[in-house]
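Student: Just need the structure, nothing else, for what follows:
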Amino acid sequence: MSDKQYVKNILCIGAGYVGGPTMTVIANFCPDYKVTVVDISRERIDRWNSDDLPIYEPGLKERVLKARGQNLFFSTDIDRGIDEADIIFVSVNTPTKTFGEGAGRAVDLQYIEKTARRIKASSKSDKIIVEKSTVPVRAAETLSKILHSGNNSVHFEILSNPEFMAEGTGIHDMENPDRVLIGSMDTPSGRAARDELIKIYERWVPREKMVTSDLWSSELSKLVSNAFLAQRISSINSISALCEVTGADVDEVARAVGKDSRIGPKFLRAGLGFGGSCFRKDILNLIYLCEHYGLQPAADFWQQVIAINDFQMQRFVHRMVAAMFNTVADKKITLFGFAFKPDTGDTRDSPAIHISKMLLKERARLWVTDPHALNNARQDLEDVEGEIVYEPDPYKAAEGAHAIALMTEWDQYRSLDYRRIFDRMEKPAFLFDGRNHLDHQALFDLGFNVYAVGKPDRTRFNNDSQ
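Tutor: Residues are numbered from 1 along each chain as shown. Sure thing, here's the model as predicted:
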């Protein structure tokens, strides 16, 4: 199919965890649209054009192979892509600032600004610009000022279309979304641009799931959604601490509370805390916005969500050290999993990073195993002092270990031969389940001393000796 036969040319700037999968789904459902993904990283684009994709996501590879070379293309020719595009999705990195005003809280918008300037310089025709990156409220105003500055006859209509996919279920989330949110200016051209984007999503999303709003509400809704989800995680994790000292079972508490229709059961699983690229970053941005507008009590509220999350990881390590006779120095500890959640290789802000650093400061010898995240784990810990071994085979990783700490609830960790593992570990053997993922009674019966989040200890020290 030649370019002239395509209904529209879609460009996505940024071939990361959002841009690549999102454009793959669009290309699969819209074969009459040309979809091009561009990035400044030649290595990343080369991997998108190979069988070794830069992202692991269930169902992604099959869909890439189906559309790639037909109507889905990956390229480093950014300027040509901009020039040919009718609709441009901006999906570049928006990290938390590490310098200057707002450092540690505000979003660093330099990549958004650089992208806007490049779009302006390479555009010869009117275009629809779609914010896909997570941006602070009123970022579209900044984009508009840059794009329409100077003697520029090209008109850009800006839309906000935040993503709500969860890694590990990203393809399913995009193909079966709870809602598609599109924010636009309430002008004839703004509404027309919004309708063009709706035409794309209508190929597979029912119209009743389309939510439209003004630009500012759409931008803020993304931050608020992530903040609310993170707040629920911190809430149940704060209760898990109380459960451990009172003998209550956090899963039983969550089950009872989740039966209340006003609350519901989702995001009430106690664990090590939240991770990923969005939750911490978006809450910090929300805190900064509240402080910027003089809303300190609101900022303090959201700061506590972060504080509880950090407290949960610290508690986990403290419990490990205390259980192992108040020292883990020179003891081999094996981490089962490193990704921040299962079915993804993404380790950004994974609790495993923070827990690894704390254990290494206690001079533990660390062995890390994960089915898809070992390369990222190496990068995350490359500058950390201490002994770290990366081993893909969980059985080899656990040989001679004093303790196993489960970091990621991969399905395969349920079906391991724990008798085999126990027999080859140092004794007493400890297992710390940071995700409440395993059969604790069965593990205890094998001889493990089992410590799970928000549950009473299952130890043999007051029962039969090992």
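
Student: And the residue nearest the centre of this protein?
Tutor: Nearest residue to the geometric centre of the chain (C-alpha atoms, centre = their mean): G276, 3.1 Å.

Student: Which residue lies closest in space to that residue, excluding its sequence neighbours?
Tutor: Nearest non-adjacent residue to G276, counting by C-beta to C-beta, 6 or more residues apart in numbering: F340, 5.0 Å away. Where C-beta positions appear, they are placed from N, C-alpha and C, glycine not excepted.

Student: What is the three-state secondary structure of the one you found?
Tutor: Assigned with DSSP: H, G, I helix; E, B strand; the rest coil, F340 falls in the coil class.

Student: picking up where we left off before, please list all residues in contact with the residue nearest to the centre of the chain.
Tutor: Counting by C-beta atoms under 8 Å, 6 or more residues apart in numbering, G276 touches 167, 340-341, 346, 348-350.

Student: Looking at those, which one is closest to A85?
Tutor: E167 (26.7 Å; C-beta to C-beta).

Student: where's G275, which helix or strand?
Tutor: Assigned by DSSP states H and E, G275 belongs to neither a helix nor a strand.

Student: isn't it right next to F340, touching?
Tutor: Yes. Taking contacts as C-beta atoms under 8 Å, G275 lies within contact range of F340: 3.1 Å.

Student: who touches both of the two?
Tutor: In terms of C-beta under 8 Å, 6+ apart, G275 and F340 are both contacted by the residues 347-352.

Student: Could you list every helix and strand that whatever helix or strand F74 lives in packs against?
Tutor: Assessed by DSSP H and E, F74 sits inside strand 72-75. Using 3 or more C-beta pairs under 8 Å, 6 or more residues apart in numbering; DSSP states H and E, the elements in contact with strand 72-75 are helix 19-29, strand 34-38, helix 42-48.

Student: between the first one and strand 34-38, how big is the angle?
Tutor: The one in question is helix 19-29. 170 degrees (axes from the mean of the first three to the mean of the last three C-alpha atoms, to 10 degrees).

Student: Can I get helix 19-29 in PDB, CA atoms only?
Tutor: Only the C-alpha atoms of helix 19-29 are listed here, as PDB (Å, rounded to 0.1, in the frame of the first residue of the first chain):
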ATOM      1  CA  GLY A  19       4.900   4.900  22.200                       C
ATOM      2  CA  GLY A  20       5.800   1.500  20.800                       C
ATOM      3  CA  PRO A  21       3.000  -0.600  22.200                       C
ATOM      4  CA  THR A  22       0.300   2.100  21.600                       C
ATOM      5  CA  MET A  23       1.300   2.600  18.000                       C
ATOM      6  CA  THR A  24       1.400  -1.200  17.500                       C
ATOM      7  CA  VAL A  25      -2.200  -1.500  18.700                       C
ATOM      8  CA  ILE A  26      -3.400   1.400  16.500                       C
ATOM      9  CA  ALA A  27      -1.600  -0.100  13.400                       C
ATOM     10  CA  ASN A  28      -3.300  -3.400  14.000                       C
ATOM     11  CA  PHE A  29      -6.800  -2.000  14.200                       C
END
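
Student: Quick one: the contacts of G276 as TSV, columns for neighbour count, pLDDT and distance to N375 too.
Tutor: Putting the contacts of G276 into TSV (neighbours: other C-beta atoms under 10 Å; pLDDT from 0 to 100; distance: C-beta to C-beta, whole Å) gives the following:
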residue	neighbour count	pLDDT	distance to N375
E167	25	83	16
F340	28	95	15
K341	20	94	17
D346	24	92	11
R348	19	93	13
D349	20	95	17
S350	27	97	13
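
Student: looking at the helices and strands packed on strand 72-75, which is closest to A121?
Tutor: Minimum separation from A121 across the helices and strands packed on strand 72-75 (C-beta to C-beta) falls at strand 34-38, 14.6 Å.

Student: Run the chain-centre distance for the closest one.
Tutor: The chain centroid and the centroid of strand 34-38 are separated by 23 Å, computed with C-alpha atoms, centre = their mean, to the nearest Å.

Student: pLDDT on it, on average?
Tutor: Average pLDDT, strand 34-38: 98.

Student: Kindly report the same for stretch 144-151.
Tutor: Mean predicted confidence for stretch 144-151 is 88.

Student: Show me what counts as buried in that stretch.
Tutor: 144, 146-147 (16 or more other C-beta atoms under 10 Å).

Student: I'd like the residues you listed laid out as TSV, including distance to S235.
Tutor: Listed next are the buried residues of stretch 144-151 as TSV, based on distance: C-beta to C-beta, whole Å:
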residue	distance to S235
S144	38
I146	40
L147	41
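
Student: Could you tell me which of these are located in helices?
Tutor: 144, 146-147 (DSSP state H).

Student: contact partners of the helix or strand that the strand holding F74 is followed by?
Tutor: Note on strand 72-75: by DSSP H and E, the next helix or strand toward the C-terminus is helix 78-84. Outside of helix 78-84, the residues within contact range by C-beta under 8 Å, 6+ apart are 3, 9, 11, 13, 36, 38-40, 75, 88, 118-119, 121-124.

Student: Would you mind listing the residues in contact with E131?
Tutor: Applying C-beta under 8 Å, 6+ apart, we find E131 in contact with 90, 139-140, 143, 158-162, 219.

Student: Sort out which one of the residues you listed lies nearest A248 for me.
Tutor: For the contacts of E131, the nearest to A248 is P162 (37.6 Å; C-beta to C-beta).

Student: For that closest one, which three-state class applies?
Tutor: Secondary structure, three-state DSSP: P162 is coil.

Student: Have a look at this structure and report its longest helix.
Tutor: For the chain, the longest helix by residue count, based on DSSP H, is helix 215-246.

Student: Quick check: buried residues in that one?
Tutor: Buried residues in helix 215-246, counted by 16+ other C-beta under 10 Å: 215, 218-223, 225-227, 229-234, 236-241, 243-244.

Student: elements contacting that helix?
Tutor: So helix 215-246, by 3+ C-beta pairs under 8 Å, 6+ apart, packs with helix 139-147, strand 156-160, strand 180-184, helix 250-258, helix 279-292, helix 296-323.

Student: May I see those arranged in CSV, with distance to M174 as well?
Tutor: Converted to CSV, those look like this (distance: least, C-beta to C-beta, whole Å):
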stretch, distance to M174
helix 139-147, 22
strand 156-160, 17
strand 180-184, 9
helix 250-258, 26
helix 279-292, 19
helix 296-323, 27
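
Student: Between these, which one is closest to P95.
Tutor: Closest to P95 of the helices and strands packed on helix 215-246, according to C-beta to C-beta: helix 279-292, at 7.1 Å.

Student: Mean pLDDT per element in this structure, and the minimum belongs to which helix or strand?
Tutor: Lowest mean confidence among the helices and strands of the chain (mean pLDDT, DSSP states H and E): helix 139-147, at a mean of 87.

Student: contacting residues around it?
Tutor: 90, 109, 112-113, 116-117, 119-120, 129, 131, 156, 158, 160, 183, 215-216, 219.

Student: For PyMOL, what selects the buried ones among those?
Tutor: Restricted to buried positions by 16+ other C-beta under 10 Å, the PyMOL selection for the contacts of helix 139-147 reads:
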select buried, resi 90+109+112+116+119+120+129+131+156+158+160+183+215+219
